[in-house]
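Visitor: What follows is a predicted protein model with its sequence.
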Number of protein chains: 2
Amino acid sequence: MSKKNNQDKLLVFALGGVGEIGKNMYVVQYNDDIVVVDAGLKFPEEDMLGIDIVIPDVSYLVENQDKVRGILITHGHEDHIGGLPYVLKSLNVPVYATKLTLGLIEVKLKEAGMLGDTKRILITAESELQLGSIKASFFKTNHSIPDSVGVCLDTPEGIIVHTGDFKFDHSPVNEQYADLQRIAEIGKKGVLALLSDSTNAERPGYTPSEKNVGNRLEDIFRTATQRVVVATFASNVHRIQQVINAAIATRRKIAVVGRSMVNVVTIANELGYLNIPEGMLIEPEEVNRLAADRVVILCTGSQGEPMSALTRMARSTHRKVDILPGDTVIIAATPIPGNERYVGRTVDELYRLGANVIYGSGSVSGVHVSGHGSQEELKLMLNLVKPKYFIPIHGEYRMLRIHADLAEEVGIDPENVFVLDNGDTVEFQNGQAARGVKVQAGRVLIDGLGVGDVGNIVLRDRKLLSQDGILVVVVTLSKEDGTILSGPDIISRGFVYVRESEGLLDEANRIVTSTLNKLMNDKVNEWASLKTNVKDSLGRFLYEQTRRRPMILPIIMEV
Amino acid sequence: MSKKNNQDKLLVFALGGVGEIGKNMYVVQYNDDIVVVDAGLKFPEEDMLGIDIVIPDVSYLVENQDKVRGILITHGHEDHIGGLPYVLKSLNVPVYATKLTLGLIEVKLKEAGMLGDTKRILITAESELQLGSIKASFFKTNHSIPDSVGVCLDTPEGIIVHTGDFKFDHSPVNEQYADLQRIAEIGKKGVLALLSDSTNAERPGYTPSEKNVGNRLEDIFRTATQRVVVATFASNVHRIQQVINAAIATRRKIAVVGRSMVNVVTIANELGYLNIPEGMLIEPEEVNRLAADRVVILCTGSQGEPMSALTRMARSTHRKVDILPGDTVIIAATPIPGNERYVGRTVDELYRLGANVIYGSGSVSGVHVSGHGSQEELKLMLNLVKPKYFIPIHGEYRMLRIHADLAEEVGIDPENVFVLDNGDTVEFQNGQAARGVKVQAGRVLIDGLGVGDVGNIVLRDRKLLSQDGILVVVVTLSKEDGTILSGPDIISRGFVYVRESEGLLDEANRIVTSTLNKLMNDKVNEWASLKTNVKDSLGRFLYEQTRRRPMILPIIMEV
């Protein structure tokens, strides 16, 4: 441990991931050494119309670029790696990740044409890194993707532990046990602060083992008299392994369908994270050549995503696979909030095709368990690590708050718990923590190739346009005397269908004409004033007639 | 029973309510006598941008207006009465409903200025109506609103039973028992077909009694050290009674907040459906004058609706009531699919204000139970009624399908089960049923005052506008030689913010100019062709630059 001065201090904060699910990015800074944990993306909320994804605002890191020693990635989910292609463009620092995680990152960077320009360093759960004055080490966790790790950052001010996403699965798939001993050992050394996953803080009890799903899958595969279709998250390699195992046990072959499912199965197999016997996989084209009770179709679409394999099968628009009456379809996932209706629609369509559908919450259907620990597991983590300070992360505000209450239950002093917003800092000095100065944090919206060019004004306009459409009013005035030379022409998009609303639009036309004529008589001829008057009189008329408020865009030309 | 001819037949179909949750409307027709059950609305789906509500297409009824003997209403929920103000405009037939239901209908008709023009007939569960050749009688059910009934239609072809929405609550609030004896008696007579509520067909077991919620509320009221805020559906009068009972037991007074909550409490109290002791209710302004542990605030907002009382309290924008640290807030409802995020945000905001929040699924929080029966109750209904034919109603397709499976489990011949889409008919003749000719059915979209004037083209435009906005391109050409006299001017709304994208729009301008000049050189001067070319070249350029596809609206003027 290096010597400390009075000005030395340790800062901990989130640039994304607290007060929200998504775009995880946590920062630990000791003096001039910054270590970043994760660089995720978030899917847009329902009011972010037309937005593709959201990433954290990394201005603070860009301004302190020379201090950033690296980005440590805890696991390969989008909300932890999806921001990398954008972040690394403005902040080219080394990225450290375990094998599968790095494999998934490299797919992303390759797609973005950035593979040659980035520094990527492979670690294992046993690696130790000296990142300036901060020593980083890792510990294995259980999660719904293999190769997930927690991070231990040993700083001159004390140890910070970041759990990553975790559950405690005491019978994990492929013997991938969480490293309880290592976590306990770190706890024994004395931990200054714990940052821990709050996703399931609202759920009492324990999250069941992934193995339970395996047993249930095997039962279903065995009793199904025809084909079995399983949709799950492509990244859930453990789940995929269990589908394979159940297929082996029931003498079925597997066809993998859907781009991201094919990608993940390929990478995970290459890197040794899947155990697939020779001859187990068949091409989708071969499905119809085998007896129906010898086939499993493993596919994407567990969230009812419009372009996914299962959705297309359900709509009978998939090029290679049809759902036939008597097929069994397993949706081995819980809908992410907001996706319930999509999943419901897919299930409806599958039923219409005559399939048996097994879906719904894991406790009823038995075909899904969460990858995040429930309340008792969160307490177990707190008790293993025994931190002095606690910062709940990775959750909406209510989840952080409830996680804070759990910490209090296991004996953490409530004064020592910090529930943060993105950008809120905690400063540690001489073993004491206090809130520090807020750093810049926020959301950057990605729309197509545009990074951050869609702001509140554009979003507000999209919202208005989506509600009542737009009316464009075009009129040409004479430069000399202001008389109307042509128009007004009124064009409607998303307001009313012109052919069915001729009377309304004719009347609107008369109103624009008389408004302009009146203004001309009154010698009002500044454009701004003409436009405002047209907008107001037309807006008033349309609201009276229809109770709608389309955007009105007056275009006045002078010749 | 009247004499039957060979041509006599009984038709049963839905104009709304099957393959969906909402806009319930069922039709039973014997020769020239039509009886309609319910006239509900549905809230728009997420792709119906800007739409306020959706109602059934009643063309069939309007065409057969002279045959319609009346509309029987099973209970006062929006998805059963909300379509009435629209339906009665084109179909002025008598509406029959029990007391509370009629009270709620009259509020609606009054708001629509239609109270004087409609025929409304009060019934009780004991009423018998002769509607042409069809005799209607009723039976009490349990549901999340008082005064709900099922309908028994005795036709010359046989008896049709329609359950309305129901559960079996063996310890109902205010002793409002379902009439098991009457249902059994109808079953004993022999029922041709049962139409039964499928809302909870996916849920195993029994739905718990509303009384369970009462007990839990009383516990919470007793242990809360400060004010208690309860948000629930305004129409859930039983729940409201239990809030009152718990307040009495814990010596708290109640302030009612939120327009629809005030309305329902007023009507239900006037009509005798609530038992409120003298002096129990206080004005919201009086809340601060009482000790915090003597107060309950009963309010709307259990779905996180943006303008509701609880949402405004959570955002500290309510004029009369503030949430204070230590207050207990109970959200006594389950989010309707699609509302999860809104409710989550409200809970977050309440936690930020320091409140304790009790929310989430009923089985965890104990503060909500469903108003619809689960699988065992659906089987009980089937076994009580013992119909020959079965038509599951009131549910998405998957729910109907699962309900059909339940019917099979209790011994109904699968050949005798009809899973219908809206408009599909079942014809009964001489005791035998078969699918008949489809009648017109569909959705009518209401946007402001417009009924049915927003169609697929307008919705498609709104969708496009919401994703990438619009660019209006205005240019004035000379009539003589086609040279550009003014413009092109490009106006962006919802695409990019002009001030931050000057370079892009300048380049767009150049592309429009060169496209037009090239066309003029080539002597192409039909407007359609000019517009198409501008659209294509600009669209291509913008997609290359931004990967977005804004709507492009070229306006070419000639002078």
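Guide: Great, that's in hand. Residues are numbered from 1 along each chain as shown, chains lettered A, B, ... in the order given.
Visitor: Correct me if wrong: residue A:281 contacts residue A:248.
Guide: No: if you go by C-beta atoms under 8 Å, residue A:281 and residue A:248 don't touch, sitting 11.8 Å apart. For glycine as for every other residue, the C-beta is placed from the backbone atoms N, C-alpha and C.
Visitor: And the helix or strand containing residue A:349, what does it pack against?
Guide: Using DSSP states H and E, residue A:349 maps to helix A:340-352. Packing contacts for helix A:340-352, counted by 3 or more C-beta pairs under 8 Å, 6 or more residues apart in numbering or on different chains; DSSP states H and E, involve helix A:309-314, strand A:328-331, strand A:356-358, helix B:397-409.
Visitor: what angle do that helix and helix B:397-409 make?
Guide: 50 degrees (axes from the mean of the first three to the mean of the last three C-alpha atoms, to 10 degrees).
Visitor: How far away from the center of its chain is helix A:340-352?
Guide: Its chain's C-alpha centre and that of helix A:340-352 lie 22 Å apart, by C-alpha atoms, centre = their mean, to the nearest Å.
Visitor: Check which residues of that helix are buried.
Guide: A:340-352 (16 or more other C-beta atoms under 10 Å in any protein chain shown).
Visitor: ok, now stretch A:310-327?
Guide: Within stretch A:310-327, the residues that count as buried by 16+ other C-beta under 10 Å are A:310-315, A:318, A:320-321, A:323, A:327.
Visitor: Point me to the residue of the stretch 301-450 of chain A nearest chain B.
Guide: residue A:448 (3.1 Å; C-beta to the nearest C-beta).
Visitor: who does the least confident helix or strand in chain A by mean pLDDT touch, helix- and strand-wise?
Guide: Across the helices and strands of chain A, mean confidence by mean pLDDT, DSSP states H and E is lowest for helix A:362-365: a mean of 75. Judged by 3+ C-beta pairs under 8 Å, 6+ apart, helix A:362-365 has no packing partners among the helices and strands.
Visitor: Break chain A down into its structural domains.
Guide: Following automatic domain parsing, chain A resolves into domains at A:10-205+A:371-451, A:210-362, A:456-558.
Visitor: Could you say which one of those comes nearest to residue B:224?
Guide: For the domains of chain A, the distance to residue B:224 is smallest for domain A:10-205+A:371-451, at 16.2 Å, taking C-beta to C-beta.
Visitor: what about chain A, any weak spots by pLDDT?
Guide: Residue ranges of chain A with pLDDT under 70: A:1-6, A:362, A:498-500.
Visitor: Between the buried residues of helix A:340-352, which sits nearest residue A:147?
Guide: residue A:343 (28.0 Å).
Visitor: quick one: contacts for the closest one?
Guide: With contact set as C-beta atoms under 8 Å, 6 or more residues apart in numbering or on different chains, residue A:343 has these partners: A:302-304, A:331, A:335, A:359.
Visitor: now residue A:127
Guide: By C-beta under 8 Å, 6+ apart, the contact set of residue A:127 is A:96, A:136-138.
Visitor: Residue A:170 now?
Guide: By C-beta under 8 Å, 6+ apart, residue A:170 lies in contact with residue A:209.
Visitor: Can you tell me the SS state at it?
Guide: Secondary structure for residue A:170, judged by DSSP: H, G, I helix; E, B strand; the rest coil, is coil.
Visitor: Would you list the phi and psi of it?
Guide: phi -80, psi 0 (degrees, to the nearest 10).
Visitor: could you measure residue A:388 against residue A:515, distance?
Guide: Applying C-beta to C-beta, to the nearest Å, the value for residue A:388 to residue A:515 is 70 Å.
Visitor: Show me what the strand of greatest length in chain A packs onto, helices and strands only.
Guide: Criterion DSSP state E: the longest strand present in chain A is strand A:484-493. With contacts taken as 3+ C-beta pairs under 8 Å, 6+ apart, strand A:484-493 sits against strand A:470-477, helix A:502-521, strand B:551-558.
Visitor: Tell me the helices and strands packed up against the longest one.
Guide: Which is helix A:502-521. strand A:470-477, strand A:484-493, helix A:527-546.
Visitor: of all the ones you listed, which lies closest to residue B:276?
Guide: Nearest to residue B:276, of all the helices and strands packed on helix A:502-521, is helix A:527-546, at 40.3 Å by C-beta to C-beta.
Visitor: report the angle between the axes of that closest one and strand A:470-477?
Guide: Relative orientation of helix A:527-546 and strand A:470-477, computed by the same axes, to 10 degrees: 130 degrees.
Visitor: quick one on the thing from earlier: could you identify the helix or strand that succeeds the least confident helix or strand of chain A?
Guide: Next helix or strand after helix A:362-365 toward the C-terminus (DSSP H and E): helix A:375-385.
Visitor: Report all helices and strands that that following helix contacts.
Guide: In terms of contacts (3+ C-beta pairs under 8 Å, 6+ apart), helix A:375-385 is packed against helix A:180-189, strand A:191-197, helix A:397-409.
Visitor: For chain B, see how far away residue A:143 is.
Guide: 23 Å (C-beta to the nearest C-beta, to the nearest Å).
Visitor: Residue A:223 now?
Guide: Distance from residue A:223 to chain B, by C-beta to the nearest C-beta: 16 Å.
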